[in-house]
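Colleague: predicted model follows, preceded by the sequence.
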Amino acid sequence: MRSRKFRRIVLFALLGLAGLCLVLAGMSALSNQFLPKGPELLDQLTDLDKARLAEARHLRTSLGDRVWPGFAQMEIPIVIWNQEYAFLFGIPNPIAEWERVPDDLFEGQAYFRKSDNDPQNFAVPIGTEWAASMATKTETDAFLIRTFRDFLPPVIEQIFPYRFLIQPSEAQIAAVVHESFHVLQTRLAPGRLEAAEKAHRLGERYWTADVEMGADWETEIDLLAQALDASSSSDAASLSAQFLAERDLRRQRNNLPAALVDYERQLEWEEGLAKYVEMEIWRQASLARDYRPLPELEADGDFKEYRSFQQRWRQEISQMKRQAGQEGETRFYLTGMAQATLLDRLLPGWKELALAEGVFLEDLLREAVSAQVNP
């Protein structure tokens, strides 16, 4: 009797679970019908696009110097792009390929557009100047959704809860600041940025060599994450020293050529620093009692007033831990960001040295560790 009763209980539980799964799948499929859609007209920016761009400029000019010396005062043009057009702000008379957007203004000023089938997120040349270039939030969200859909089987593709992929507006706002920092690099260290860009050409060769380094990278990244989480500066320095020792050992054990060592260091300098700036300005906005986002953002349901920083930080560190054994330059964005964050704690004033010729993040971290051991 007890056995039959138990089987009935299990059966009812399984039926209930199956029913719940069907309900959740139905809800998810229904929710997918109401995912945010892009603007009907792509030849000018929406009010929300403009509000996010204005907030990115406001954020950098208000808090930029807390993140990097002299960053707030720089006049930095910006390009924001969607699937059809790139839009330019901050250059009053751009080169001829840019046309004025008719019957529309941004912050009371004219802005410009051009049809663009090869936009990018980086610093881009506009005549003799450089501009920070970043996709609209709508374009970024749509890209993430398309990417996931491409990897899902047809049945799951219909019911996957894509709404969880929608990014907070802070992600796009801080990313504009990230790309703006690349403009700072072009102005203050143009030779270094050019060398870092050339290093990307070694990518195929590097990732072939990386196949043998997965386990070593796992140990290395784990030590870096532990250093970030250390409760005291002395513990952070000790774990940083272990990270650097493991890095040296990995390179020696795998006979990594000097050119590929340079590839790691260059990408951490170029993209790791920019990623650090992206996350640090978000953190500063979450902490600063004297900072107020622009009121136009009140109409943005995806804007969280920077309160989502800690969640985002945990996501970034979790992603860094998953990078060992995964091909892709994202690894160096995150390991560079992590080293820069440790330098804030261990070597005050490091930013005055970071753009100097031949100085890389790991060099500064070695100096920081040495200063902690031999104060």
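Modeller: Okay, I see it.

Colleague: C-alpha from now on. contacts and neighbour counts both.
Modeller: OK.

Colleague: got the domain ranges for the chain?
Modeller: Here the domain parsing of the chain from automatic domain parsing is 47-186, 189-373.

Colleague: contacting residues around stretch 350-367?
Modeller: Here stretch 350-367 makes contact (CA atoms under 8 Å, 6 or more residues apart in numbering) with 68-69, 185, 188-189, 192, 240-241, 244, 265-266, 268-269, 336, 339-340, 342-344, 347.

Colleague: export that stretch as PDB, just CAs?
Modeller: The C-alpha coordinates for stretch 350-367 follow below in PDB (Å, rounded to 0.1, in the frame of the first residue of the first chain):
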ATOM      1  CA  TRP A 350      49.900  53.900 -11.100                       C
ATOM      2  CA  LYS A 351      47.900  55.700 -13.800                       C
ATOM      3  CA  GLU A 352      50.600  58.300 -14.300                       C
ATOM      4  CA  LEU A 353      52.900  55.500 -15.400                       C
ATOM      5  CA  ALA A 354      50.500  53.300 -17.400                       C
ATOM      6  CA  LEU A 355      50.700  55.100 -20.700                       C
ATOM      7  CA  ALA A 356      54.400  55.400 -20.800                       C
ATOM      8  CA  GLU A 357      56.300  53.600 -23.500                       C
ATOM      9  CA  GLY A 358      57.000  49.900 -22.700                       C
ATOM     10  CA  VAL A 359      55.100  49.900 -19.400                       C
ATOM     11  CA  PHE A 360      52.500  47.100 -19.100                       C
ATOM     12  CA  LEU A 361      50.000  46.200 -16.400                       C
ATOM     13  CA  GLU A 362      51.900  43.200 -15.200                       C
ATOM     14  CA  ASP A 363      55.000  45.400 -14.800                       C
ATOM     15  CA  LEU A 364      53.100  47.800 -12.600                       C
ATOM     16  CA  LEU A 365      51.700  44.900 -10.600                       C
ATOM     17  CA  ARG A 366      55.200  43.500 -10.000                       C
ATOM     18  CA  GLU A 367      56.200  47.000  -8.800                       C
END
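
Colleague: in that stretch, what's buried?
Modeller: Trp350, Lys351, Ala354, Leu355, Phe360, Leu361, Glu362, Leu364, Leu365, Arg366, Glu367 (16 or more other CA atoms under 10 Å).

Colleague: turn those residues into JSON lines, including pLDDT and distance to Leu144.
Modeller: Output for the buried residues of stretch 350-367, formatted as JSON lines (pLDDT from 0 to 100; distance: CA to CA, whole Å):
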{"residue": "Trp350", "pLDDT": "98", "distance to Leu144": "35"}
{"residue": "Lys351", "pLDDT": "98", "distance to Leu144": "33"}
{"residue": "Ala354", "pLDDT": "98", "distance to Leu144": "33"}
{"residue": "Leu355", "pLDDT": "98", "distance to Leu144": "33"}
{"residue": "Phe360", "pLDDT": "98", "distance to Leu144": "32"}
{"residue": "Leu361", "pLDDT": "98", "distance to Leu144": "31"}
{"residue": "Glu362", "pLDDT": "98", "distance to Leu144": "32"}
{"residue": "Leu364", "pLDDT": "98", "distance to Leu144": "35"}
{"residue": "Leu365", "pLDDT": "98", "distance to Leu144": "34"}
{"residue": "Arg366", "pLDDT": "97", "distance to Leu144": "37"}
{"residue": "Glu367", "pLDDT": "96", "distance to Leu144": "39"}
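
Colleague: I'd like the residues you listed written out as a markdown table, with distance to Ala215 added.
Modeller: What follows is those, written out as a markdown table (distance: CA to CA, whole Å):
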| residue | distance to Ala215 |
| --- | --- |
| Trp350 | 31 |
| Lys351 | 32 |
| Ala354 | 30 |
| Leu355 | 32 |
| Phe360 | 24 |
| Leu361 | 23 |
| Glu362 | 20 |
| Leu364 | 25 |
| Leu365 | 23 |
| Arg366 | 23 |
| Glu367 | 27 |
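
Colleague: which of those residues lies closest to Asp141?
Modeller: Of all the buried residues of stretch 350-367, Leu361 has the smallest distance to Asp141: 31.7 Å, by CA to CA.

Colleague: could you identify the most distant pair in the buried residues of stretch 350-367?
Modeller: Leu355 and Arg366 (16.4 Å).

Colleague: returning to what we had before: ok, the buried residues of stretch 350-367 vs Glu99, which is closest?
Modeller: Leu355 (35.6 Å).

Colleague: what about that closest one, which SS state?
Modeller: Under DSSP: H, G, I helix; E, B strand; the rest coil, Leu355 falls in the coil class.

Colleague: against Met74, how distant is it?
Modeller: Using CA to CA, to the nearest Å, Leu355 is found at 16 Å from Met74.

Colleague: with Arg66 instead?
Modeller: 14 Å.

Colleague: one more: Asp248?
Modeller: Separation of Asp248 from Met74 (CA to CA) stands at 38 Å.

Colleague: which of the helices or strands spans the residue nearest to the spatial centre of the chain?
Modeller: Nearest residue to the geometric centre of the chain (CA atoms, centre = their mean): Lys275, 5.5 Å. Using DSSP states H and E, Lys275 sits in helix 273-287.

Colleague: and Ala131, by the same measure?
Modeller: strand 129-135.

Colleague: the residue lying closest to Trp68 once chain neighbours are set aside: what secondary structure?
Modeller: Spatial nearest neighbour of Trp68, chain neighbours left out: Lys351 (7.1 Å); criterion: CA to CA, 6 or more residues apart in numbering. When classified by three-state DSSP, Lys351 comes out as helix.
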